[in-house]
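Participant: fold the stuff below for me.
(2 chains)
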Amino acid sequence: MRIGFAKVCARGTAMTSNTATMTGSLAGPSIWSRMMAGQTGPVCVVLIALFVLWYVGAVFMNAPTQIDKYNRADQTWTTSQLIEDTLAQERPILPAPHQVAQEMYKTIFATKITSKRSLVYHSWVTLSSTLLGFGIGTILGIVLAVGIVHVMTLEKSLMPWVISSQTIPILAIAPMIIVVLGAIGIKGVVPKAVISTYLCFFPVTISMVKGLRSPQVIQLDLMRTYNASKWQTFWQLRLPSAMPYLFASLKVAIAISLVGAIVGELPTGAQAGLGARLLAGSYYGQTIQIWSALLTAAFVAAMMVVIVGWFERRVLARMGVKS
Amino acid sequence: MTLKQVVNNVAEMPASKDAVVDIKNLSLTFQTADGPVYALSDVDLTINEGDFVSFIGPSGCGKTTLLRVIADLEKPTGGDISINGVSPEQARENRAYGYVFQAPALLPWRSIERNVTLPLEIMEISKEERIKRAHDALKLVELNGFEKKFPWQLSGGMQQRASIARALSFDADLLLMDEPFGALDEIVRDHLNEQLLKLWARTNKTVAFVTHSIPEAVYLSTKIVVMSPRPGRIIDVIETDFPRDRSLDIRETPEFLEIAHRVREGLRAGHSNDE
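Facilitator: Next up, the predicted model:
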């Protein structure tokens, strides 16, 4: 896809320069249609639209407080001045993109990562419990699925619990987990990881049950004709069949694992982590800080999904999937 | 068949000393929500060592079910069946047969070679031996050179050949084939039939072969079992005496046409019962 786009571009520029010298005008497909042929064009358009909306929104949402301020100071103002000031408030209702970008630059690149003001430091705190929770949740999810697929009674007894576990709002159960584990002396990264685990085992279990059951009847019959044991059928047939299902669920699991870790940082006013940054920001009305923590969390989640996707491609390529 | 089993058979069933499959009065009824379905009824059949037996009949006549009963993939509800003198279940546990399904059923994440070695892996045969046997089996179906390819890189006919190689890899004496070439076009089918016959002539295996093509049945078989539906039963058993190394040309001979005619008559008779 990307290569295709590059080719189109290369061909396009060559053609443009030729025709430009000959006729002095553009011939062939326009730059616009060439850009829209690949992924880059549409993505850029959406991004630009988002930024425009964001700026317009920032101006309109911050205008009332700004006008209030002018009035109290008995100051006369012009529209252009109003726009300029609404985009540069210290505690705006909606900060402008460039304010968030500045804050992110300051807290990610310009601050030492050991500092408590560094977003890298806070991201790592959150990420470590995310990864721990994700690891435990994935193993738990797979183990549950294997049990459910192989033992009839487990399916009947366990499946309703697995499903109802997710109907409880995580915001309600998270503080209790933190408090209960804290009371028995477990603090720090583990309680947050437990919340991540609680959220992320679910998609893994559901997908793996489906995946482990995905072999066709004919394939199961085949294993039967070889007199294969349950264990052999599992390793040679069920598990490989379930791999695409597993990876699809891992992408969901890693993202909600991060959500779980952040939620775990909210109660008890955790001192560190992206969740703590969000909470502190909202205590002190630091909207810019909130937004930069949010965007950082989104970026971290996206990166982890990309990494899982990379593993998926490698594993499936080794399994001979047509690319 | 091993000597020991032959001796056992002689001791137990003097009437059919070469019987690989011995079926007496077999019936199978499926209980469904719409009432019982009589898949097989009163089936009597003996398949001797080295036979190539075809089962032919319209869909729903129980020919696949009969093959699945022999393979212990279905349990009969009445009658007796023995494979090499033991129950189908024991025969399956002894890995007494190779089964070729309607579809290749290759595992897409395994190369052709590793698909062929799958049963050997399950039977815990050493790696060198596995590779050697896979090589031999692939050679038998003329697929040598495709060991490292994945199933999707092969045509439908080649995939089915790979699945036959897989069934041959552990060298069972009995080969059960359920319409293996049903999904292939005429030309590929003729070619594979020829190959199958050569293979059968070379290895002296016993083959049970389900089909719904009359020429295929007549061309391949030493014994043709004509079946009819509702309830699935045998209405005719035709023995042929073509040489083992027959060529496709025999399809033009009067004997061939005569047998094909008899099969067709049998099928028609089975159908008229139905109406």
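Participant: from here on, contacts and neighbour counts on C-alpha atoms
Facilitator: Fine.
Participant: nearest spatial neighbour of the residue of chain B found nearest chain A, skipping sequence neighbours?
Facilitator: When distances are taken as Cα to the nearest Cα, chain B reaches nearest to chain A at residue B:109, 4.4 Å away. In this structure, residue B:109 finds its nearest non-sequential neighbour in residue A:319, 4.4 Å apart by Cα to Cα, 6 or more residues apart in numbering or on different chains.
Participant: if you tally nearby residues, what's the number for the one you found?
Facilitator: Per other Cα atoms under 10 Å in any protein chain shown, the neighbour tally for residue A:319 reads 17.
Participant: quick check: it touching residue B:110?
Facilitator: Yes: counting by Cα atoms under 8 Å, residue B:110 is a contact partner of residue A:319 at 6.8 Å.
Participant: distance of the closest residue to chain B within the stretch 101-250 of chain A from residue A:214?
Facilitator: Going by Cα to the nearest Cα, chain B is nearest to residue A:227 of the stretch 101-250 of chain A, at 5.5 Å. Remark: distance between residue A:227 and residue A:214 (Cα to Cα, to the nearest Å) = 20 Å.
Participant: flag the shaky bits of the chain, pLDDT-wise.
Facilitator: Just so you know, I chose chain A. Along chain A, the parts satisfying pLDDT under 70 run over A:1-28, A:268-270, A:322-323.
Participant: to clarify, I was referring to chain B.
Facilitator: B:1-17, B:271-275.
Participant: how is it divided into domains?
Facilitator: In terms of domains, chain B is parsed into B:3-96+B:174-274, B:107-171 (source: automatic domain parsing).
Participant: contacts only, for residue B:184.
Facilitator: Residues counted as contacts of residue B:184 (Cα atoms under 8 Å, 6 or more residues apart in numbering or on different chains) are B:156, B:157.
Participant: which of residue A:227 and residue A:214 has more neighbours?
Facilitator: residue A:227 (21 against 15).
Participant: residue contacts, that one?
Facilitator: B:92, B:93, B:95.
Participant: tell me the phi and psi of residue B:228?
Facilitator: Torsion angles at residue B:228 (phi, psi; degrees, to the nearest 10) stand at phi -130, psi 150.
Participant: ok, the one 5 residues further on next?
Facilitator: In terms of degrees, to the nearest 10, the main-chain angles of residue B:233 are phi -150, psi 160.
Participant: gap between it and residue B:180?
Facilitator: Counting by Cα to Cα, the gap from residue B:233 to residue B:180 is 22 Å.
Participant: list the buried residues of the helix or strand where residue A:42 lies.
Facilitator: Assessed by DSSP states H and E, residue A:42 sits inside helix A:40-72. For helix A:40-72, the neighbour count (16 or more other Cα atoms under 10 Å in any protein chain shown) marks A:54, A:55, A:58, A:59, A:61, A:62, A:63, A:66, A:67 as buried.
Participant: try stretch A:157-164
Facilitator: So, applying 16+ other Cα under 10 Å, buried residues of stretch A:157-164: A:159, A:162.
Participant: over to stretch B:124-139?
Facilitator: Residues of stretch B:124-139 classed as buried: B:130, B:131, B:133, B:134, B:135, B:136, B:137, B:138 (neighbour count, 16+ other Cα under 10 Å).
Participant: and what of stretch A:185-198?
Facilitator: For stretch A:185-198, by 16+ other Cα under 10 Å, it's A:188, A:189, A:190, A:191, A:192, A:193, A:194, A:195, A:196, A:197, A:198.
Participant: among those, which lie within helices?
Facilitator: A:189, A:190, A:191, A:192, A:193, A:194, A:195, A:196, A:197, A:198 (DSSP state H).
Participant: what's the spacing between the last one and residue A:58?
Facilitator: Look at residue A:198 and residue A:58: by Cα to Cα, they are 37 Å apart.
Participant: which parts of the stretch 1-150 of chain B are strands?
Facilitator: B:19-32, B:35-48, B:52-56, B:78-83, B:97-100 (DSSP state E, counting those that start in this stretch).
Participant: put the alpha carbons of stretch A:266-285 into CSV.
Facilitator: The C-alpha coordinates for stretch A:266-285 follow below in CSV (Å, rounded to 0.1, in the frame of the first residue of the first chain):
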residue,chain,number,x,y,z
LEU,A,266,-7.3,7.3,40.4
PRO,A,267,-8.5,6.2,43.9
THR,A,268,-6.4,6.8,47.0
GLY,A,269,-4.8,9.7,45.1
ALA,A,270,-1.9,7.7,43.7
GLN,A,271,1.3,9.7,43.6
ALA,A,272,2.6,8.6,40.2
GLY,A,273,1.3,7.4,36.9
LEU,A,274,-0.7,8.9,34.1
GLY,A,275,-3.9,8.4,36.2
ALA,A,276,-2.3,10.4,39.0
ARG,A,277,-1.5,13.2,36.5
LEU,A,278,-5.1,13.2,35.3
LEU,A,279,-6.4,13.4,38.9
ALA,A,280,-3.9,16.1,40.0
GLY,A,281,-4.8,18.0,36.8
SER,A,282,-8.5,18.0,37.6
TYR,A,283,-7.9,18.9,41.3
TYR,A,284,-6.1,22.1,40.3
GLY,A,285,-8.0,22.8,37.1
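Participant: thanks a lot, catch you later.
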